[in-house]
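J.: One predicted model, sequence on top.
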Amino acid sequence: MSEKIIGQVVRVAGPLVVAEGLAGAKVFEVVRVGQQKLVGEIIELCDDKASIQVYEDTQSITPGESVEATGQTMSVELAPGLLESIYDGIQRPLQLIEKESGSAFIARGIDVPGVSRTKRWDFQSVAQVGESVAPGDVLGVVQETSLIEHKVMVPPGVSGILKKIESSKKTVVETIAEIQTDEGLRKIQMLQHWPIRDARPVSESLVPNEPLISGGRSIDTFFPIAKGGSGCIPGPFGAGKTVTQQGLAKFCDAQVIVYIGCGERGNEMTEVLTEFPHLEDPNTGEPLMRRTIMIANTSNMPVAAREASIYTGITIAEYYRDMGYSVALMADSTSRWAEAMREISGRLEEMPGEEGYPAYLGSRTAGFYERAGSVKCLGSDGRRGTLTVIGAVSPPGGDLSEPVTQNTLRVTKTFWGLDASLAYKRHFPAINWLSSYSLYTENIREWWAKNVAPDFEEVRETAMSLLQEEAKLEEIVKLVGAESLSPREKLVLLVARMIREDFLFQNAFDREDAFTPMKKQHGILKAIVKIYSAGLQIIDNAEFDFKNLQELPVLQEVSKAKDIPVEEIERFEKLGKKVESEILKLKIA
């Protein structure tokens, strides 16, 4: 057994502690600092001197106190029991911390396991003794919640012949199987540890070709994100970043949700923590928390743990992806994560980059988002999993040219740009249809045609072009007035306004309007676009009075089309035919 490495504190600068006497320690090794055994991580080494970011409050730590290296890197515990949990930034369960410390605040130095060591799980083996097993192969399953079956897999780096396995009720630290490897007999438990800064291995990366359905019309129709893709939501204060992410977490069709509150205000995180346990999963009718893991690291918690929380969350998300599930991770907000990096970098006296952020901001941002993907998982069954990563960005003053936003845009393929002016008009979600974009439309075009409607892409492109033309015409209207426009231009403004007000605007508090299935989205938009295509056939007449078209009662029916229940989807086709018929009657008249 190797001798423990113990050093002593020589300098304390907020969350940064410098200790000497740690020769033999490694970068990213976990250490215990001071008499209270505060959790820290080595982030810089020079000879026997180590710079340590401490994940707890360092007040009362003084020079001369001991620092003990643990020999382990910062890792998360992966096992049944993760779902329905609420963790802090370094995977300490907040409910258990409150019980242990007897306070609503986290006691310093408290050491609680991320996963219960006493709860017994009903492990059902699926592998057979004598089989050859490799990394990722499923040994057995545990019904973790009523929604998710937890697959217990052979850990990465382990392969051999299965010598022993049995179905029984076990804790996560008891042996469930034995594998004869080249190095000897390896005992397997349900509990695994994985370093948070290392991406979990996969068999093959695949091209994302299926959309993540959110129920949001502006997202699903105009700016979709693929399962296994990455997206960002930048916007100024009050534009609706947190609400948009919470809506995605509630309604998207991912099987597992990991929600990270990184440096957000306590009241916002409290709202999430109190609301989610009572929400009903719209896809199953079960409580939403049964497929959700939450990581809460609010702005009043230690800044270093904010930096770790992002990696903690994505490692847990990768674990469920490896089981073959579709996982969605919401990070709110990556700007606070970047600010934590900037603070630690400043205390390390590193050369600052743009706006004081460290020079490695770009590579760290890319490294985080690139852990998203659609993959063929390790294992002989060829299962596939997806991990979709959506990060909110909070640029100061809404300035999208600042470094965090720009570095995020370089590596994400979906951009939902929130507009303060839309938010002030109470137009939600406040996604600007002129500045936002998605680079996944080519990938999922075939899915749209097969699963929604053959003409979905055509209807979508027509609507987008009308919104873009409206923006140009509005400049002309400001100069010379609406009366100077041609009938066709007036038609463009009419239909574009209906797209904005009757399609893009969505009431999150209306149960029927908060989530719109894809076929209903297509039905609503097609009925609106039909006004444009039918109108083009009658406006050539020089004597045509445009007011007759504006005052048609059928236009009011189209405006209320979103009230049509999804069970009556055939009504949209009838509405489209009625629109065309009523408008063409004007030409005859």
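T.: Alright, I've got the coordinates.

J.: Can you name the residues that contact G379?
T.: Residues in contact with G379 (CB atoms under 8 Å, 6 or more residues apart in numbering) are 134-138, 153-154, 203. Where you see a C-beta, it was placed from the backbone N, CA and C, and this is true even at glycine.

J.: Go again with 7 Å.
T.: G379 sits next to 136-138, 153 when contact means CB atoms under 7 Å, 6 or more residues apart in numbering.

J.: ok, and the most crowded of those residues?
T.: G136 (26 neighbours; other CB atoms under 10 Å).

J.: Regarding it, what is its secondary structure?
T.: Of the three states, G136 takes coil under DSSP: H, G, I helix; E, B strand; the rest coil.

J.: and the gap between it and V375?
T.: Distance from G136 to V375, counting by CB to CB, to the nearest Å: 11 Å.

J.: just so I have it, where are all the strands in the stretch 401-550 of the chain?
T.: In chain order, the stretch 401-550 of the chain shows strands spanning 414-415, 437-438, with DSSP state E, counting those that start in this stretch as the criterion.

J.: about what we covered before: pLDDT and distance to K250 for the contacts of G379 - can I get that in CSV?
T.: Listed next are the contacts of G379 as CSV, based on pLDDT from 0 to 100; distance: CB to CB, whole Å:
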residue, pLDDT, distance to K250
G136, 95, 31
D137, 96, 34
V138, 96, 30
M153, 96, 29
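
J.: Serialize those to CSV and add fields for distance to E84.
T.: Shown next, in CSV, are the contacts of G379 (distance: CB to CB, whole Å):
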residue, distance to E84
G136, 25
D137, 27
V138, 22
M153, 21
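
J.: and these, which two are the farthest apart?
T.: Comparing every pair within the contacts of G379 by CB to CB identifies G136 and V138 as the most remote, at 8.0 Å.

J.: Identify the contacts common to these two.
T.: The overlap between the contact sets of G136 and V138 (CB under 7 Å, 6+ apart) consists of 153, 379.

J.: May I see the buried residues of the longest helix anywhere in the chain?
T.: Of all the elements of type helix in the chain, the one with the most residues (DSSP state H) is helix 456-480. In terms of neighbour count (16 or more other CB atoms under 10 Å), helix 456-480 has its buried residues at 456-457, 459-460, 462-464, 466-467, 470, 473.

J.: try stretch 478-495
T.: 485, 487, 489-495.

J.: Number of residues surrounding the nearest residue to Q72 once chain neighbours are set aside?
T.: Counting by CB to CB, 6 or more residues apart in numbering, Q72 lies nearest to V30, which is 5.3 Å off, once chain neighbours are set aside. Neighbourhood size, V30 [other CB under 10 Å]: 19.

J.: For the helix or strand of the chain with the lowest mean pLDDT, list the C-alpha coordinates in PDB.
T.: Lowest mean confidence among the helices and strands of the chain (mean pLDDT, DSSP states H and E): helix 266-275, at a mean of 75. Only the C-alpha atoms of helix 266-275 are listed here, as PDB (Å, rounded to 0.1, in the frame of the first residue of the first chain):
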ATOM      1  CA  GLY A 266     -31.300  30.900  -5.600                       C
ATOM      2  CA  ASN A 267     -35.000  31.900  -6.100                       C
ATOM      3  CA  GLU A 268     -34.900  30.600  -9.700                       C
ATOM      4  CA  MET A 269     -33.400  27.300  -8.700                       C
ATOM      5  CA  THR A 270     -35.800  27.000  -5.800                       C
ATOM      6  CA  GLU A 271     -38.700  27.300  -8.200                       C
ATOM      7  CA  VAL A 272     -37.300  24.400 -10.300                       C
ATOM      8  CA  LEU A 273     -36.600  22.300  -7.200                       C
ATOM      9  CA  THR A 274     -40.100  22.800  -5.800                       C
ATOM     10  CA  GLU A 275     -42.000  22.600  -9.100                       C
END
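
J.: Counting by contacts, list what it packs against.
T.: strand 256-262, strand 292-297 (3 or more CB pairs under 7 Å, 6 or more residues apart in numbering; DSSP states H and E).

J.: Deepest-packed of the ones you listed, please.
T.: Stretch with highest mean neighbour count among these: strand 256-262 (a mean of 28; mean count of other CB atoms under 10 Å).

J.: What pairs with that strand, parallel or antiparallel?
T.: Partner strands and pairing direction for strand 256-262 (DSSP bridges) are strand 292-297 (parallel), strand 326-332 (parallel).

J.: Looking at these, spot the one closest to S214.
T.: By CB to CB (comparing all of those), the closest turns out to be strand 326-332, at 9.3 Å.

J.: next SSE after the closest one?
T.: Once the chain leaves strand 326-332, the next helix or strand it forms, by DSSP states H and E, is helix 334-347.

J.: With just CA atoms, put that following helix into CSV.
T.: Coordinates of each C-alpha in helix 334-347 appear next as CSV, following Å, rounded to 0.1, in the frame of the first residue of the first chain:
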residue,chain,number,x,y,z
THR,A,334,-22.6,28.3,-19.0
SER,A,335,-21.8,32.0,-18.6
ARG,A,336,-21.6,31.5,-14.8
TRP,A,337,-19.4,28.5,-15.4
ALA,A,338,-17.1,30.6,-17.6
GLU,A,339,-17.0,33.3,-14.8
ALA,A,340,-15.9,30.7,-12.3
MET,A,341,-13.1,29.7,-14.7
ARG,A,342,-12.1,33.4,-15.0
GLU,A,343,-12.0,33.8,-11.2
ILE,A,344,-9.9,30.8,-10.6
SER,A,345,-7.6,31.7,-13.5
GLY,A,346,-7.2,35.2,-12.1
ARG,A,347,-6.2,33.8,-8.7
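
J.: Just after it, pick out the following helix or strand.
T.: helix 361-369.

J.: low-scoring pLDDT stretches of the chain, where are they?
T.: Counting by pLDDT under 70, the chain shows low-confidence ranges at 1-2, 103-104, 541-543, 588-589.

J.: Show me it divided up by domain.
T.: Domain segmentation of the chain under automatic domain parsing yields 6-73, 121-190, 204-439, 456-588.

J.: Between the two ends of the first one, how far is it?
T.: It refers to domain 6-73. The stretch domain 6-73 measures 16 Å between its terminal residues, going by CA to CA, to the nearest Å.

J.: What count of nearby residues applies to the residue nearest to P201 when sequence neighbours are not counted?
T.: Leaving aside its sequence neighbours, P201 sits nearest to P156 (CB to CB, 6+ apart; 5.4 Å). P156: 15 surrounding residues under other CB under 10 Å.

J.: Run through who's touching stretch 92-110.
T.: Residues contacting stretch 92-110 (CB under 7 Å, 6+ apart): 36-38, 56-57, 85-88, 112, 114, 296.

J.: And for stretch 12-24?
T.: So stretch 12-24 is contacted by 5-11, 33, 40, 48-54, 58, 61, 67, 69, 302-304, 344, 347-348 (CB under 7 Å, 6+ apart).

J.: could you redo the last one with a cut-off of 6 Å?
T.: Identification of contacts with stretch 12-24 by CB atoms under 6 Å, 6 or more residues apart in numbering yields 5, 7-11, 33, 48-54, 58, 61, 67, 302-304, 347.

J.: cool, stretch 195-205 as well?
T.: 73-76, 156, 311-312, 315, 318, 371, 373, 375-376, 378.

J.: ranges for the strands of the stretch 51-200 of the chain?
T.: Counting by DSSP E, counting those that start in this stretch, the stretch 51-200 of the chain has strands at residues 66-73, 75-78, 86-87, 121-125, 132-133, 138-143, 149-153, 160-165, 168-170, 175-181, 184-189, 192-195.
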